[in-house]
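>>> Give me the fold of what follows.
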Amino acid sequence: MSSARGQVMQVVEFYSGIGGMHYAIQESNINAKILAAIDINTVANNVYRHNFGNTPVWQREIGKISLKELQELNGDLYTMSPPCQPFTRLGKKADVNDARTSSFLHVIDLLIKMENPPKYILLENVKGFETSAARNALISALKQRNYSYQEFLLTPLQFGIPNSRLRYYIICTRDANLSFPTTEEVMMELPNFGQVSKVRCVSDFMENLTNHSIQSYFLPQSTIERFLKVLDVVKPDSQRSCCFTKSYFHYAEGTGSVLQITNPILDSNLNLKINDTSNDDNQLLQHLKLRYFTPREVANIHCFPVHFNFPENATKKQCYRLLGNSLNVHVASELLKLLIT
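Sure thing, here's the model as predicted:
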């Protein structure tokens, strides 16, 4: 198997989505070849093919991949972002009793049975996975196959990116030790990474939109009046934003930050009047200019490269859903650098 930086790393992407892990591999400068990008989501696969036309995409149910198929691929590195809903409050935290976990449990079972398991594994999921039975099953398999591993809970804010998308990660290497002292505790920062001097402003990730193109992203007045108290409002000079979920743009509450582009002199008046619902206040709210982040801006915050784009036939709703199910490319790339040294 190839493990040195000078050799070609053979990669299998499970739950490949729109290619976040592929871009992370590119950003990490690992010399790699993607043997297969595997996902059941037709729309995600179309986006993946649109951006990585030469990569084999398997439109497959991962739970039906055979041991023989996986062994024939003979991958050095497995990357994966299994479905996160079984480990969330909205998903009722059904964990291994959720049917959406079955494909991941199948991958774990194959890992145990393989003659030549991969040298490296990188997995990403939501906070909450670290206390799950699915995680325990993975750890048991890793120990059986002689992997060294380290778990993390990391947010892009730690890397200077204005987004609080806290996620679980685990990096694993087989028949060797990782390049730093490991612990059974979940690490909350990367070892030897250093302190980021400053978090960048939201404005660094914004598009230069025309007045015409921006119109469809403004929140309707009725939405502002109904949800203003619970909206997470940020400005171009803000150094944070909330996690963007797959329901962003479709639902306003709890799905991600919205952007205020208005005259700063209104801010003090707004703070005084937010709890009032008189006509005068509604007049004031019209000047807030609250809009959703565009799909391109969400992709920017997730650190997708500028050449990443969606096919022309992709709807806004599809773009937001796919981005909400994706990951932060830069955070994943830093973990890959740490894993493969």
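>>> quick one, helices of this protein?
20-27, 42-51, 67-73, 102-113, 133-144, 211-214, 221-227, 266-273, 279-285, 295-301, 316-324, 329-339 (DSSP state H).
>>> and the last one, what does it pack onto?
With contacts taken as 3 or more CB pairs under 8 Å, 6 or more residues apart in numbering; DSSP states H and E, helix 329-339 sits against helix 20-27, strand 120-126, strand 147-154, strand 167-174. C-beta: built from backbone N, CA, C; applies to glycine.
>>> which of the helices of the chain has the lowest average pLDDT?
Looking at the helices of the chain, the lowest mean pLDDT belongs to helix 266-273 (a mean of 49).
>>> before we move on, the earlier item: how about the helices and strands packed on helix 329-339 in a markdown table, adding mean neighbour count and distance to S102?
Shown next, in a markdown table, are the helices and strands packed on helix 329-339 (neighbours: other CB atoms under 10 Å; distance: least, CB to CB, whole Å):
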| stretch | mean neighbour count | distance to S102 |
| --- | --- | --- |
| helix 20-27 | 24 | 21 |
| strand 120-126 | 24 | 15 |
| strand 147-154 | 20 | 22 |
| strand 167-174 | 22 | 20 |
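>>> could those be laid out in a markdown table, adding distance to M114?
Below are the helices and strands packed on helix 329-339 laid out as a markdown table (distance: least, CB to CB, whole Å):
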| stretch | distance to M114 |
| --- | --- |
| helix 20-27 | 20 |
| strand 120-126 | 12 |
| strand 147-154 | 12 |
| strand 167-174 | 11 |
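>>> I'd like to know which of those lies nearest to A252.
The closest of these to A252 is strand 120-126. By CB to CB, the value is 21.4 Å.
>>> Pull the residues that contact the closest one.
For strand 120-126, contacts defined as CB atoms under 8 Å, 6 or more residues apart in numbering pick out 3, 9, 21, 76-82, 84, 87-88, 138, 142, 147, 149, 167-174, 327, 332, 335-336, 339-340.
>>> That strand pairs with which strands?
strand 77-80 (parallel), strand 167-174 (antiparallel) (DSSP bridges).
>>> how about the nearest residue to I171 once chain neighbours are set aside, what does it touch?
Of all residues not flanking I171 in the chain, L339 sits nearest, at 4.2 Å (CB to CB, 6 or more residues apart in numbering). For L339, the contacting residues are Y120, L122, I171, C172, T173, L178, by CB under 8 Å, 6+ apart.
>>> quick one: the fourth one and Y149 touch, right?
To tie it back to what came earlier, the one meant is C172. Yes. With contact defined as CB atoms under 8 Å, C172 counts as touching Y149 (4.1 Å).
>>> any common contacting residues for these two?
Joint contacts of C172 and Y149 (CB under 8 Å, 6+ apart) are I121, L142.
>>> quick one, which of the helices of the chain is nearest to M188?
Short answer: helix 329-339, nearest of the helices of the chain by CB to CB, at 13.1 Å.
>>> how much does that closest one deviate in direction from strand 147-154?
Helix 329-339 and strand 147-154 are oriented at 150 degrees to each other (axes from the mean of the first three to the mean of the last three CA atoms, to 10 degrees).
>>> Helix 329-339 to helix 20-27, inter-axis angle?
Here the directions of helix 329-339 and helix 20-27 differ by 60 degrees (the same axes, to 10 degrees).
>>> Send me helix 329-339 as CSV with only the CA atoms.
Only the C-alpha atoms of helix 329-339 are listed here, as CSV (Å, rounded to 0.1, in the frame of the first residue of the first chain):
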residue,chain,number,x,y,z
VAL,A,329,-13.0,21.3,3.4
HIS,A,330,-10.2,23.1,5.2
VAL,A,331,-10.8,21.4,8.5
ALA,A,332,-10.7,18.0,6.8
SER,A,333,-7.6,18.9,4.9
GLU,A,334,-5.7,19.8,8.1
LEU,A,335,-6.8,16.4,9.6
LEU,A,336,-5.5,14.6,6.5
LYS,A,337,-2.1,16.4,6.9
LEU,A,338,-2.0,15.3,10.5
LEU,A,339,-2.9,11.8,9.6
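>>> what about this structure, any weak spots by pLDDT?
Residues of the chain meeting the criterion pLDDT under 70: 1-6, 91, 263-286.
>>> the domain parsing of it - what is it?
By the record's domain assignment, the chain is partitioned as 9-194+329-339, 202-317 (automatic domain parsing).
>>> Among these, show me which one is buried the most.
domain 9-194+329-339 (a mean of 18; mean count of other CB atoms under 10 Å).
>>> Show me how far it is from its chain's centre.
Relative to its chain's centre, domain 9-194+329-339 lies at 11 Å (CA atoms, centre = their mean, to the nearest Å).
>>> Now do the end-to-end distance for that domain.
Distance between the two ends of domain 9-194+329-339: 13 Å, counting by CA to CA, to the nearest Å.
>>> which residues touch M80?
M80 touches E13, F14, Y15, M21, F104, V107, I121, L122, L123, E124, counting by CB under 8 Å, 6+ apart.
>>> what pairs with it across the strands?
F14, L123.
>>> My read is that Q318 contacts V43, right?
Yes. Under the criterion of CB under 8 Å, Q318 makes contact with V43 at 5.4 Å.
>>> Cheers, nothing more for now.
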